[in-house]
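Colleague: Task: produce atomic coordinates for the following.
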Amino acid sequence: MDQAHALLIASPGLGHLIPVLELGNRLSSVLNVHVTILAVTSGSSSLIEIETIHAATTRGTCEIMELPSVDIDHLVEPDATVVTKIAAKMRAMKSAVRDAVKSMKRKPTVMIVDFLGTNLISIDDVGVMAKYVYVPSHAWFLALMVYLPVLDKVVEGEYVEIKEPLKIPGCKPVGPKELLDTMLNRSNQQYSECVQSGLEIPMSDGILVNTWEELQGNTLAALREDKDLNRVMKIPVYPIGPIIRTSGPIVRTKLTENPNGIFEWLDKQRERSVVYVCLGSGGTLSFEQTMELALGLELSGQSFLWVLRRPVSYLEVSSRDDDHVSNGLPKGFLDRTRGVGLVVTQWAPQVEILSHGSIGGFLSHCGWSSVLESLTEGVPIIAWPLYAEQWMNATLLADEIGVAIRTLELPSKKVIGREEVAFLVKKIVAEEDGEGRKIRDKAEEVKVSSKRAWTHGGSSHSSLLEWAKQCRLVS
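Modeller: Just a heads-up that it's a prediction; the model follows:
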C-alpha cells in the first residue's frame, strides 16, 4: 500500500507558518505519513520566514514547497491590517495552490489549511480530498470564531459598547476585555474577513485544534454537544495539542543571539528564580511603557532575562538595527542590573530558555504558541496581552485555568506602572504562600497533563489517531 499523503497549507507570517510546520512534523512522526507543506510566504524580503523554512527543511521530516508570493497591493487599501492582507493573499493564491496540487505525483489524501486560509476549502478540480481546518489556538477561540456569524446578525452596534458579555452557547461569555482586536471595529475589512472565516470553517470535514481534553474539557464538550453551537458547526473537533516547537540543536541564523552566552548566564542563576520577558515578534511597546517595564523589573529585585527587540511585521521586511534597541532603556539601567538581569536584543531560543531550570516565570504577550511553550514546562505566566486573541488568552489563563496573573488594566489601554510590574514579578516568582504559590502549583499540574495527553493512549494521541482513521490516512 502506498504511503498516505497529507497536504498542509500555511498562511503568511511566523504565527501561522511555525504552527503548521510543527503540525506537519507531528503527523509525519506519529502517523508515518508523507507530508507536504505549501508555504505561502510574505515575499522574498521576509528574512525570518525564509530562515524558518530553511531550518525546517534541514530537519527533513516534511517536504516544504514555497509558493511564489503574489502582489496584493491592488486588492487592499494601503493601511489594511495584517489580517486583511493575509486573507487577501490567500484568496489570490488559490490558483497557485490548485496548480501545485495538480503537479504532485503523489496525490494528497487530506488537505489541512489554517484558519485564515479557509477560502481554500472550496478549491476544486484537484481530486477528492478530505479538507480540514487547523486552529493553532484554543477551543474557546474556536467557539467564538464559528459563532461570530451569529453574533454579527443579532448584536446591534459595536461590540465594544455592549453592556453584557457576548454569550457563546456552552462556553464562557466574551466580555470587553476578551474581544478579538478584529472585532473592535465592525466597519473594518478585517472584521468581515473574520466573519467569513467563521462561515467557512464549518464547511470543512472537521477541525484540528491545538489544545487538549484535560485543559479545556468543558469547552470542547460544548463544541461537540451543545445544540445551539451544533446548528452552526456540525463537524467533528479533534483536540491534538499541545503541538509546539520541540527543543533540540539550536539553529544559528543571522537573527539569533549567541545562545551560549544566554545559557552560561542562566546556569549561574538559582532554580526557578528568573522571570523571562518576551512580548513576541509583533508586540510594540511605547517608549514610556518600555521605561516603566524596565524600572519595574529593577524594582522587583528578581533576576530577569529580557528579549528586547523591534517589532516585526508579518508582511514587511524587518529592520535589523537591533544595536540601538537598548538605547530606549532608562539611563544607567544596564549598569545597575548587571549580574541580576540580562537584556538580549535579538532573537533568542525561547523553547530552550523556558525549559531551563532557572526560569520561574514568563512575562508574555500570551500568543498561544508561547503560552503552550510555557505551560508544557510548568512555567507560570504574567499575562501582558497586546493584540489579536491575546486578551482572550489572558483571561483563559488567569480566570479559568489558573496558571497566570494579569495586570489590572489591559496593557494596550494604559501604561502599566513600575510598581505594578514589580508586584506581579515578585508574586509569580517569589511569593512563598498565597496566590503566587497556587499559580505555580497549577502550572506544574498542567505540565503533567500536557505530557500525559501525548503519551500512547493519551487524549491527544488518541484524538489524532481517530482523525487519521476518519480521513483514511491510516487504516
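Colleague: Domain-wise, how is the chain divided?
Modeller: 5-241+454-470, 259-451 (automatic domain parsing).
Colleague: can I get those domains in CSV with mean pLDDT?
Modeller: Below are the domains of the chain laid out as CSV (pLDDT from 0 to 100):
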stretch, mean pLDDT
domain 5-241+454-470, 90
domain 259-451, 90
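Colleague: Make CSV from those and add mean neighbour count to it.
Modeller: For every residue, glycine as well, the C-beta is placed using N, CA and C. Written out in CSV, the entries for those read as follows (neighbours: other Cβ atoms under 10 Å):
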stretch, mean neighbour count
domain 5-241+454-470, 19
domain 259-451, 19
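Colleague: Spit out the contact partners of Pro242.
Modeller: Pro242 is in contact with 210-212, 372, 375-376, 450, 453-454, 460, counting by Cβ atoms under 8 Å, 6 or more residues apart in numbering.
Colleague: Apply 10 Å and report the result again.
Modeller: 22, 210-212, 215, 368-369, 371-373, 375-376, 446, 449-451, 453-454, 460 (Cβ atoms under 10 Å, 6 or more residues apart in numbering).
Colleague: Among the residues you listed, name the ones in strands.
Modeller: With strands defined by DSSP state E, no entry of these lies inside them.
Colleague: Now go through those and say which are in helices.
Modeller: Using DSSP state H, the subset of the contacts of Pro242 located in helices is 22, 215, 368-369, 371-373, 375, 446, 449-451, 453, 460.
Colleague: For Lys469, give its distance to Pro236.
Modeller: From Lys469 over to Pro236 the distance is 12 Å, taken as Cβ to Cβ, to the nearest Å.
Colleague: likewise Leu151?
Modeller: From Leu151 across to Pro236, the span is 23 Å (Cβ to Cβ).
Colleague: for Lys153, same thing?
Modeller: To Pro236, Lys153 is 25 Å away according to Cβ to Cβ.
Colleague: what does Met392 give?
Modeller: 23 Å.
Colleague: before we move on, what about Glu409?
Modeller: Per Cβ to Cβ, Glu409 is found 39 Å from Pro236.
Colleague: try Thr219
Modeller: When Thr219 is compared with Pro236 (using Cβ to Cβ), they lie 15 Å apart.
Colleague: so Leu148 makes contact with Tyr191?
Modeller: Yes - using Cβ atoms under 10 Å, Leu148 makes contact with Tyr191 at a distance of 9.0 Å.
Colleague: Now for those two: what residues contact both?
Modeller: 159, 180, 182-183.
Colleague: So Ser69 belongs to a helix, correct?
Modeller: No - the assignment for Ser69, made by DSSP: H, G, I helix; E, B strand; the rest coil, is coil rather than a helix.
Colleague: Phi and psi next, for it.
Modeller: Note on Ser69: backbone dihedrals following degrees, to the nearest 10 are phi -70, psi 150.
Colleague: Do I have it right that it meets Met90?
Modeller: No - when contacts are counted by Cβ under 10 Å, Ser69 is not listed as touching Met90 (11.7 Å).
Colleague: Find residues that contact each of those two.
Modeller: Here Ser69 and Met90 share the contacting residues 12, 40, scored by Cβ under 10 Å, 6+ apart.
Colleague: so who does the residue nearest to Lys234 when sequence neighbours are not counted touch?
Modeller: Leaving aside its chain neighbours, Lys234 sits nearest to Pro202 (6.9 Å; criterion: Cβ to Cβ, 6 or more residues apart in numbering). Pro202 sits next to 118, 121, 133, 146, 149, 230-235 when contact means Cβ under 10 Å, 6+ apart.
Colleague: which other residues reach stretch 434-445?
Modeller: With contact meaning Cβ under 10 Å, 6+ apart, stretch 434-445 is reached by 214, 272, 360-362, 374-375, 377-382, 397-398, 401-405, 424, 426-431.
Colleague: just how off-centre is stretch 456-472 within its chain?
Modeller: Its chain's average C-alpha position is 23 Å from that of stretch 456-472, according to Cα atoms, centre = their mean, to the nearest Å.
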